[in-house]
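Visitor: Quick one, fold the following:
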Amino acid sequence: MLMGILAASSAWLHMPMGFKPIDRQESAPSSAQVLDLAIDAGTSPKAVAHAIVNAGADVSPQLMWLWFRFSGQARGIKAGNYEVTADMSPHMVLGMLTRGEQSLRYITLVEGWTFKQFRQALLKADLMKITTQGMSDQAIMAQLGRPDWHPEGRFYPDTYSYAKGATDVTVMKRAMLAMERQLGQVWAQKPSQLLLRNPDELLTLASIVEKETGKASDRPLISAVFHNRLRIGMRLQTDPTVIYGLGEAFDGNLRRVDLRNDTPYNTYTRGGLPPTPIAMPGKPALLAAIQPSLSNALYFVAKGDGSSHFSESLDEHNQAVNKYQRGLSTRGQ
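Guide: Okay, here's the model as predicted:
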């Protein structure tokens, strides 16, 4: 008898389900509207059929359940969050559920972002469940299983998909593990004469290279300047580290007094690398940090077009500063 019901309803399986009107005063929703369908792990096929109806689909739960049961695919229904449209048939819905085609959203982490910017982006992410709001950075890292780590630079900039209702911690953990993989792969390529002592130092230098780079092709040369300075014990004197150390006190205008304001991140007042990264470096910055160009340059200055001028001597650097930053002619010098 059941098979007879299904046979008689074969056309129904391929008909659009439609949505139920909200009440008698309102017309049925248009086919452009979407139903949100959440399927928990362990939900029975019968309960899934009723969940589809409860979400607003205008379909018989009994026929839906029978279709699930006798299709032979009911055991393949996957838990998750789905979007069902009015023009989908029961046959299409079952295919979507067994393929696990969840409704996905995307968030992009940008190279050079700080952890604060990452957290702000998560707060604005579409249909994400925020569980870390109000938590300290240290508490978040403890929840991610890295209680002794500073969060800066520990998340790989990329585009991540997530299901509707996914938590911010889930995305954080994926980005953190992605950075660990990338860092490990790049560190494995280190040359024998590399000055950097461990992956953490690589990550820190790469974050500086990321923040200092205006033109992608300049990254290896910028890295060379910092390697050369580290080699001879010269201070890095890089503005992005000073800005990071100022934190909320930075108003967008870096002054001479700021360069003299000693913080753990002020590379004008302190030698060597800062204690932690200052941003999220991308893969090109990581590679540049471990594979600097062969150059004797010790200085660079922005030219105003995104690229930089590199100099081996202070005199040449001062001339470049006059030319590109102060607009002064260097003819006759």
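Visitor: Outline the domain layout of the protein.
Guide: Per the record, the chain has its domains at 2-99, 104-185, 192-324, by automatic domain parsing.
Visitor: Distance from the chain centre to the second one, please.
Guide: Using Cα atoms, centre = their mean, to the nearest Å, the distance from the centre of domain 104-185 to the centre of the chain it belongs to is 7 Å.
Visitor: okay, how far is it across that domain, tip to tip?
Guide: End-to-end distance of domain 104-185 (Cα to Cα, to the nearest Å): 29 Å.
Visitor: Show me where the stretch 101-250 of the chain has its helices.
Guide: 115-124, 137-143, 168-187, 199-212, 219-232, 239-246 (DSSP state H, counting those that start in this stretch).
Visitor: Out of these, which is closest to L37?
Guide: helix 168-187 (19.8 Å; Cβ to Cβ). The way it works is simple: take the backbone N, C-alpha and C, and place the C-beta from them, glycine included.
Visitor: Now render the domains of the chain as TSV, adding mean pLDDT.
Guide: What follows is the domains of the chain, written out as TSV (pLDDT from 0 to 100):
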stretch	mean pLDDT
domain 2-99	71
domain 104-185	95
domain 192-324	95
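Visitor: got the ones you listed as TSV, with mean neighbour count columns?
Guide: Formatted as TSV, those follow (neighbours: other Cβ atoms under 10 Å):
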stretch	mean neighbour count
domain 2-99	16
domain 104-185	16
domain 192-324	18
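Visitor: Let me know which of the helices of the stretch 101-250 of the chain is the nearest to G272.
Guide: Closest to G272 of the helices of the stretch 101-250 of the chain, according to Cβ to Cβ: helix 219-232, at 7.1 Å.
Visitor: relative to helix 199-212, how tilted is the closest one?
Guide: Going by axes from the mean of the first three to the mean of the last three Cα atoms, to 10 degrees, helix 219-232 is angled at 130 degrees with respect to helix 199-212.
Visitor: Keeping just the C-alphas, turn helix 219-232 into CSV.
Guide: Provided in CSV are the C-alpha atoms of helix 219-232 (Å, rounded to 0.1, in the frame of the first residue of the first chain):
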residue,chain,number,x,y,z
ARG,A,219,58.6,42.6,-0.1
PRO,A,220,61.9,40.7,-0.5
LEU,A,221,63.9,44.0,-0.5
ILE,A,222,62.1,45.3,2.6
SER,A,223,62.9,42.0,4.2
ALA,A,224,66.6,42.4,3.2
VAL,A,225,66.8,45.8,4.9
PHE,A,226,65.6,44.4,8.2
HIS,A,227,67.8,41.3,7.9
ASN,A,228,70.8,43.5,7.2
ARG,A,229,70.0,45.7,10.2
LEU,A,230,69.5,42.7,12.5
ARG,A,231,72.9,41.3,11.3
ILE,A,232,74.9,44.4,12.2
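Visitor: which residues are contacting it?
Guide: Helix 219-232 is touched from outside by 195, 205, 208-209, 212-213, 234-238, 272-273, 284-285, 288-289, 291-300, 308, 310, with contacts defined as Cβ atoms under 8 Å, 6 or more residues apart in numbering.
Visitor: Find the nearest non-adjacent residue to the residue nearest the centre of the chain, please.
Guide: In the chain, the centroid-proximal residue (Cα atoms, centre = their mean) is L109; its distance is 3.0 Å. Nearest residue to L109, sequence neighbours excluded (Cβ to Cβ, 6 or more residues apart in numbering): P157, at 4.3 Å.
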